[in-house]
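Colleague: I'd like to go over a predicted model; first the sequence, then the structure.
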Amino acid sequence: MSNSQGPPIPSPPSSSSPDSNTTAEQPRSRRKKWAPKVKTGCVTCRVRRVKCDETKPHCKRCTAYGYVCDGYVTPTNPVPAQEKRLTRRARPAADPLEVVLERRVEPPEWEFLEACRFYVEHILPIRKRELDYDRPLNLATRHRPAFLLAMAAQRIGLISNAANILPHPEQLTSIPGLWSKFHEYMMQGIEDINTYLASSAPYFKVLALLRITDILSVEFTILGTSWRAHNAGFLALLASCKRLDLYLPPSPVLGTATQFQVVSAAVANTTSPASNPIVELDMFTPEELCKFYAVQIYGELPCPTELFSEMLRITKLRRNAISGVDYHEAVAPSLTEIFARIEAFVPETWNEPFGVPDQPEFVLMARIFKCAVALYAILSLPPPPSQSKPEDVKLWATRRLALRGELMVLMREALAILRSKAALSWPVAVAGVAVADGSDEDRELVLSTFQSADGGLVDCFYVVKNSIAKLKDFWASGKLGWEDCWNEPFPPMA
């Protein structure tokens with residue numbers, strides 16, 4: 001080993017040194033600033049191990065990032081450190097049972113722990129297969145009542161799929177205790193919403209919007225009858241905040257909830273009669289709706305924003321078509337422009353503000369939605385009147401058959417590579433109507449999107465048996481029209 005030493009390292013100059021300002025010649029050594037660990041932050045920030053700004057009653061960090069601020073623990077009178085040491089030495093070891101009985105230790109929340117176990121063992125594996133999966137829930141900061149409600153609904157949904165029974169108390173009668181818990185959690189959620197709505201504070205408006213979203217997702221899972229009311233209520237509340245110029249704290253969680261609500265309403269309007277839409281979507285401009293939609297990839301509707309915009313236009317055109325307007329003056333020109341924009345969309349160059357993953361399944365899904373949106377227009381809008389030019393009538397029928405054949409080919413390709421079939425839920429709703437006069441092979445392909453490899457119902461977060469029953473009844477009727485199938489409000493992703 002060499003005994004030679006390198007040149008001495010100069011120490012940082014003191015503040016009294018004449019060279020104290022020449023930092024370029026003698027850089028200061030970085031010193032970590034030590035600060036005492038405080039225990040006065042809110043409960044949520046302490047669980048997340050982040051710095052809390054200690055704003056009361058709800059800290060700004062939780063509000064900005066969409067977490068529910070659980071408030072602050074009121075400290076008791078502090079005990080001097082010396083007295084603590086003496087007490088610890090003098091106190092005999094207590095019987096654990098006596099400690100619990102004397103309520104010196106709060107028993108664990110067994111229902112929450114059981115819900116966490118169910119999420120990790122049963123729900124997380126399904127989520128990991130979906131296109132928009134990023135990371136598991138942070139269960140430590142999840143709103144617990146909403147989480148318990150969601151897990152109770154998911155348990156009911158998976159049991160109904162396994163038993164091939166619709167998730168309704170009158171049909172799924174073997175789990176009365178679980179139904180009782182579910183209704184208890186649901187009532188608590190509704191009470192929370194009413195409490196939040198009674199306040200004019202923006203923070204509580206955000207909480208109300210989040211809790212409405214929790215209930216809507218649960219109603220989709222178990223086919224709740226009031227899903228439209230909660231979907232419309234969310235949109236109306238959000239619109240009222242905009243109208244009153246009420247500033248809502250920026251929150252990624254609220255952005256995700258708004259996207260879910262907008263997608264749910266837009267898709268449900270496609271599979272509902274044109275005379276019975278969720279009209280609260282009209283409170284927002286098409287540009288605002290597309291902005292709400294384009295916050296991130298949506299796993300059950302991985303549709304390019306450009307095509308989502310055309311879907312909204314087609315649905316609006318359906319409403320215009322039944323209002324008695326002249327077809328050639330009000331419908332045909334708009335439809336021609338819609339088809340031109342759809343045709344101009346290039347799936348291989350699909351891009352979004354959040355960035356599209358460089359994976360082949362996303363290009364394939366863009367091709368599927370390009371075809372499905374165009375076919376939705378053909379199937380749901382009235383064909384050219386009988387007095388139209390013969391070539392226009394012939395082109396309409398030819399385009400319908402061509403798009404149906406293309407969609408069947410693309411769906412076969414997707415079923416071979418997609419880990420989750422949930423991404424096909426809306427294209428299947430379109431294909432189901434298109435194959436009404438198609439082959440048995442095409443109908444079997446549509447039904448296969450609801451089946452797992454072993455022939456059972458696929459594990460997912462919507463009620464596949466409901467969609468299967470709807471399509472089979474339609475095919476048996478011998479009818480072909482879009483509203484012959486979707487003759488009542490129906491959420492295809494529920």
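Modeller: Cool, got the structure. A quick note: this is a predicted structure, and the numbers were derived from the prediction, not measured.
Colleague: how close does Pro427 get to Cys371?
Modeller: According to CB to CB, to the nearest Å, Pro427 and Cys371 sit 8 Å apart. All C-beta atoms are positioned from the backbone trio N, CA, C, and that covers glycine.
Colleague: Check the contact lists of those two and give me the overlap.
Modeller: Leu407 (CB atoms under 8 Å, 6 or more residues apart in numbering).
Colleague: And the helices in the stretch 351-494 of the chain, which stretches?
Modeller: Under the criterion DSSP state H, counting those that start in this stretch, the stretch 351-494 of the chain contains helices at 360-380, 390-417, 425-434, 440-448, 464-477, 482-485.
Colleague: Check the stretch 201-350 of the chain too.
Modeller: Under the criterion DSSP H, counting those that start in this stretch, helices of the stretch 201-350 of the chain are mapped to 202-221, 227-243, 252-270, 286-293, 305-321, 332-344.
Colleague: I'd like to know which of those is closest to Ala366.
Modeller: Smallest distance to Ala366 across the helices of the stretch 201-350 of the chain (CB to CB): 7.7 Å, for helix 305-321.
Colleague: Compute the distance from the centre of the closest one to the centre of its chain.
Modeller: In terms of CA atoms, centre = their mean, to the nearest Å, the centre of helix 305-321 is found 22 Å from the chain centre.
Colleague: could the helices of the stretch 201-350 of the chain go into a markdown table alongside distance to Thr173, mean neighbour count and mean pLDDT?
Modeller: Below are those laid out as a markdown table (distance: least, CB to CB, whole Å; neighbours: other CB atoms under 10 Å; pLDDT from 0 to 100):
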| stretch | distance to Thr173 | mean neighbour count | mean pLDDT |
| --- | --- | --- | --- |
| helix 202-221 | 18 | 22 | 92 |
| helix 227-243 | 23 | 19 | 95 |
| helix 252-270 | 29 | 21 | 94 |
| helix 286-293 | 40 | 17 | 96 |
| helix 305-321 | 39 | 19 | 96 |
| helix 332-344 | 47 | 14 | 95 |
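Colleague: Can I get the ones you listed in TSV including distance to Lys56?
Modeller: TSV is the format used below for the helices of the stretch 201-350 of the chain (distance: least, CB to CB, whole Å):
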stretch	distance to Lys56
helix 202-221	12
helix 227-243	23
helix 252-270	21
helix 286-293	32
helix 305-321	40
helix 332-344	51
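Colleague: quick one, which of those helices is nearest to Met411?
Modeller: helix 305-321 (16.4 Å).
Colleague: Tell me which other helices or strands that closest one touches.
Modeller: helix 252-270, helix 286-293, helix 332-344, helix 360-380 (3 or more CB pairs under 8 Å, 6 or more residues apart in numbering; DSSP states H and E).
Colleague: Indicate which one of those is closest to Gln171.
Modeller: Using CB to CB, the helices and strands packed on helix 305-321 put helix 252-270 closest to Gln171, at 23.2 Å.
Colleague: Let me know the angle separating the closest one from helix 305-321.
Modeller: Interaxial angle, helix 252-270 versus helix 305-321 (axes from the mean of the first three to the mean of the last three CA atoms, to 10 degrees): 40 degrees.
Colleague: Return the alpha-carbon coordinates of stretch 57-70 using CSV.
Modeller: Provided in CSV are the C-alpha atoms of stretch 57-70 (Å, rounded to 0.1, in the frame of the first residue of the first chain):
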residue,chain,number,x,y,z
PRO,A,57,-59.2,21.6,8.7
HIS,A,58,-57.7,19.9,5.6
CYS,A,59,-54.1,20.2,4.4
LYS,A,60,-53.4,21.5,0.9
ARG,A,61,-51.2,18.6,-0.1
CYS,A,62,-54.0,16.1,0.3
THR,A,63,-56.5,18.4,-1.4
ALA,A,64,-54.2,19.0,-4.4
TYR,A,65,-53.4,15.4,-5.0
GLY,A,66,-56.9,14.0,-4.5
TYR,A,67,-56.3,12.3,-1.1
VAL,A,68,-58.9,12.3,1.6
CYS,A,69,-57.3,14.3,4.5
ASP,A,70,-58.2,12.4,7.6
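Colleague: buried ones in that stretch?
Modeller: 58-59, 61-63, 65-70 (16 or more other CB atoms under 10 Å).
Colleague: And stretch 168-179, by the same measure?
Modeller: Within stretch 168-179, the residues scored as buried using 16+ other CB under 10 Å are 172, 175, 178-179.
Colleague: residues making contact with that stretch?
Modeller: Here stretch 168-179 has contacts from 152, 155-156, 159-160, 163, 165-166, 222-223, using CB under 8 Å, 6+ apart.
Colleague: can you give me the end-to-end distance of stretch 291-310?
Modeller: Stretch 291-310 has an end-to-end distance of 14 Å (CA to CA, to the nearest Å).
Colleague: ok so, going back, where neighbours are concerned, which of the contacts of stretch 168-179 has the most?
Modeller: Each of the contacts of stretch 168-179 was scored by neighbours using other CB atoms under 10 Å; the highest score is Ala152's, at 26 neighbours.
Colleague: how about the nearest residue to it, chain neighbours excluded?
Modeller: In space, Ala152 comes closest to Phe182 once its chain neighbours are excluded; the distance is 4.3 Å by CB to CB, 6 or more residues apart in numbering.
Colleague: show me the contacts for the one you found.
Modeller: 149, 152-153, 156, 222.
Colleague: Could you look up the SS state of Val50?
Modeller: coil (DSSP: H, G, I helix; E, B strand; the rest coil).
Colleague: Find me the pLDDT at the nearest residue to it once chain neighbours are set aside, would you?
Modeller: Leaving aside its chain neighbours, Val50 sits nearest to Arg61 (6.7 Å; criterion: CB to CB, 6+ apart). On pLDDT, Arg61 comes in at 81.
Colleague: Helix, strand or coil: sort out Arg61 for me.
Modeller: Following three-state DSSP, we place Arg61 in the helix state.
Colleague: can you pull the contacts of it?
Modeller: For Arg61, the contacting residues are 45, 50-53, 67, by CB under 8 Å, 6+ apart.
Colleague: one more time with 10 Å, if that's ok
Modeller: By CB atoms under 10 Å, 6 or more residues apart in numbering, the contact set of Arg61 is 41-42, 44-45, 48, 50-55, 67, 69.
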